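J.: here is a sequence together with a model predicted from it:
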Amino acid sequence: MESFSLLQSDFQDKITRLNSLTNKERKESSTLNSVSTKDYLAGFFTTKEDFTKVKEKPIKALKSFTLFKPLDKIFYKGNLDLLKKPLIAIIGSRSPSVYAQEQTALLASRLASSGFSIISGGALGIDYIAHENAFPNTISVLPCSLDLNYPAQNKKLLEEIKKSALALSEYEEKTRITLASFLERNRIIIALSDLVLIPYADLQSGSSSSAALALSLNKPILTLPHKMSESLCTQKLLAANKATAIYDIEEFIKTLGLFFDIKTLQECDDEVLNFIRLNPSVQKAKEKFGNLLFDYELDSKITRVGLNYKIN
């Protein structure tokens, strides 16, 4: 595995800020104090056996320091040029609502096609949707070494990311997941990002601790509007004026383009492509255009990614 030093790269300011947070800032950012380690981490494992294997090993109590562990060298596989673009972190629940899944797919696809790189953690749910729809303009930070894949269900996508996008890890070869490695992975995602998008997240989740770190590092947090009973973590952030809701995706991307001085994709004269740009759902597109979509796929104008279309 090849590696480079973040402290000697374009990210020196970001990483120096992470490494130099004061003890007071670290304490204020910790969201783990009121949650047991077992309850907090149970959601990271896809099977009971996974959790049991890790739990049986000697465990040090998780402290807020896990989020602020000093960072320098990092290993990579793939295209380092993706780090030169503005980085948008998209993170969230492993079990998002259907609405959140659809909007995450649309956001990831539109941002990736508008000059941004999407960085996430390779997990199930929001992470997977973000990577899949942003590919190949996506960066995955792993909670294990790069010779391994976690979770196993995402192996195919993670291998494609290593080959055609970019995968990062701070761990030496043959390093498996630990209870702390998820939080350590999250801090890299937040530290490298320019802003953080959390489409859907529950209270006392990995995303809530990532949001706390983002606030400490003065990273803007964006989210989606939800029903009162859904995505309680982001609801709480909105209520406290610590996050901003996205009500118009096209206006949001246009505003980001101006801020980062990026020329975003403009609407064209093609009715099909304009529709898919705003409504990537395969089902909705087929209801409107039917078999015409097959011609667009054959002409490589669009590609089906899961339940959505992506404009090439």
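T.: Ah, there it is.

J.: tell me which element Q101 falls in.
T.: helix 98-112 (DSSP states H and E).

J.: other SSEs contacting that helix?
T.: strand 87-90, strand 117-120, helix 126-134, helix 249-259, strand 308-311 (3 or more CB pairs under 8 Å, 6 or more residues apart in numbering; DSSP states H and E). (Each C-beta comes from the backbone N, C-alpha and C, glycine too.)

J.: mind redoing it with 6 Å?
T.: When contacts are defined as 3 or more CB pairs under 6 Å, 6 or more residues apart in numbering; DSSP states H and E, helix 98-112 sits against helix 126-134.

J.: so what touches the helix it packs on?
T.: Here helix 126-134 makes contact (CB atoms under 6 Å, 6 or more residues apart in numbering) with 90, 92-93, 96, 101, 104-105, 108-109, 112, 118, 120-121, 138, 140, 154, 199, 305.

J.: which element is Q283 on?
T.: helix 282-289.

J.: that helix: what's the following helix or strand?
T.: helix 292-298.

J.: can you give me how far that following helix is from the chain middle?
T.: Computed by CA atoms, centre = their mean, to the nearest Å, the separation of helix 292-298 from the middle of its chain amounts to 30 Å.

J.: show me what that helix is packed against.
T.: Packing partners of helix 292-298 (3+ CB pairs under 6 Å, 6+ apart): none among the helices and strands.

J.: quick one: mean pLDDT over it.
T.: Here helix 292-298 scores 89 as its mean pLDDT.

J.: tell me where the stretch 1-150 of the chain has helices.
T.: 12-19, 23-29, 37-42, 48-55, 98-112, 126-134 (DSSP state H, counting those that start in this stretch).

J.: the stretch 151-300 of the chain now?
T.: Using DSSP H, counting those that start in this stretch, helices in the stretch 151-300 of the chain cover 155-164, 181-192, 206-216, 232-239, 249-259, 271-278, 282-289, 292-298.

J.: and the fourth one, what's buried?
T.: This means helix 232-239. L232, C233, T234, Q235, L237, L238 (16 or more other CB atoms under 10 Å).

J.: can you give me the mean pLDDT across it?
T.: On average, helix 232-239 scores 93.

J.: do the second one as well
T.: Here helix 181-192 scores 91 as its mean pLDDT.

J.: got the CA positions of it in PDB?
T.: Only the C-alpha atoms of helix 181-192 are listed here, as PDB (Å, rounded to 0.1, in the frame of the first residue of the first chain):
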ATOM      1  CA  SER A 181     -11.900   2.300  14.300                       C
ATOM      2  CA  PHE A 182     -15.300   3.500  13.200                       C
ATOM      3  CA  LEU A 183     -14.900   6.700  15.100                       C
ATOM      4  CA  GLU A 184     -11.300   7.000  14.000                       C
ATOM      5  CA  ARG A 185     -12.500   6.600  10.400                       C
ATOM      6  CA  ASN A 186     -15.300   9.200  10.900                       C
ATOM      7  CA  ARG A 187     -12.800  11.900  12.100                       C
ATOM      8  CA  ILE A 188     -10.800  11.500   8.800                       C
ATOM      9  CA  ILE A 189     -14.000  12.000   6.800                       C
ATOM     10  CA  ILE A 190     -15.000  15.100   8.700                       C
ATOM     11  CA  ALA A 191     -11.500  16.600   8.900                       C
ATOM     12  CA  LEU A 192     -10.900  16.300   5.100                       C
END
